[in-house]
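Enquirer: Structure here, sequence nowhere to be found:
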């Protein structure tokens, strides 16, 4: 029987409630909990940045806004708030460039939805996917993530979460294909590399899995998850 799990979106909703009540420390605590669960969300980084900014920590806030933009380069609000933090830190020219990028992101292509509407719709599909996943309806969850990634193909975090559900459902080759796209787009995404190795392993390519995990561990020593996977691989080969 599949165990129920706490949704990252549920924690984010709680963090938004704490933020609305001006409990910025509480919001930060909940958002860090989401991050520790290995779930990279641009929205999480953005809200962390806002919380740190309102606590008078512009440098920490700036780091979170930049991480949000790494996850979603077209995140308009993150560009704007990054510009505000840069200006506050006296980096006015960089701030002006951030505001310019925000305005460029807001220009819709002819016949298409504005980027901020596309992002909102993609995130709504992701929320519905998580709701399906929590009650064990993986096929429906994957379909919702598929719709989200069709709307926002550059949102690597959504594609990663879809691939993880594919692995849970036993669709290892499909998961492998999606994770290849994620790693190609974000080569430093450790969780995606670990999951790609697992997809290789589960699809019968133990050598490919081992190579991925060893390369990852050489770049980032003492990663508990990668070490556990390599230990599993060594036991299987012995």
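Expert: Nice, thanks for sending it over. Source: prediction; values computed, not measured.
Enquirer: which SS class is the residue nearest to the spatial centre of the chain?
Expert: For the chain, residue 40 is the residue whose C-alpha lies nearest the centre (C-alpha atoms, centre = their mean; 2.7 Å). Following DSSP: H, G, I helix; E, B strand; the rest coil, residue 40 is assigned to coil.
Enquirer: what's the burial count for residue 25?
Expert: Counted with other C-beta atoms under 10 Å, residues neighbouring residue 25 total 9. The C-beta positions use only the backbone N, C-alpha and C, and glycine is treated the same way.
Enquirer: what's the nearest residue to it if we skip its chain neighbours?
Expert: Spatial nearest neighbour of residue 25, excluding adjacent residues (C-beta to C-beta, 6 or more residues apart in numbering): residue 55 at 7.5 Å.
Enquirer: The one you found: neighbour count?
Expert: Residue 55: 14 neighbours (other C-beta under 10 Å).
Enquirer: that older thread, go ahead and list the helix or strand containing the nearest residue to the residue nearest to the centre of the chain once chain neighbours are set aside.
Expert: Spatial nearest neighbour of residue 40, excluding adjacent residues (C-beta to C-beta, 6+ apart): residue 157 at 4.6 Å. Per DSSP states H and E, residue 157 falls inside helix 156-169.
Enquirer: Under the pLDDT cut-off, which ranges of this structure? List them.
Expert: Within the chain, the stretches with pLDDT under 70 are 1-9, 39, 106-113, 238.
Enquirer: and the helix or strand harbouring residue 61, what other elements does it pack with?
Expert: Using DSSP H and E, residue 61 sits within helix 58-71. Judged by 3 or more C-beta pairs under 8 Å, 6 or more residues apart in numbering; DSSP states H and E, the packing partners of helix 58-71 are helix 42-54, helix 76-88.
Enquirer: how does it look with 10 Å?
Expert: helix 24-36, helix 42-54, helix 76-88, helix 92-105, helix 156-169 (3 or more C-beta pairs under 10 Å, 6 or more residues apart in numbering; DSSP states H and E).
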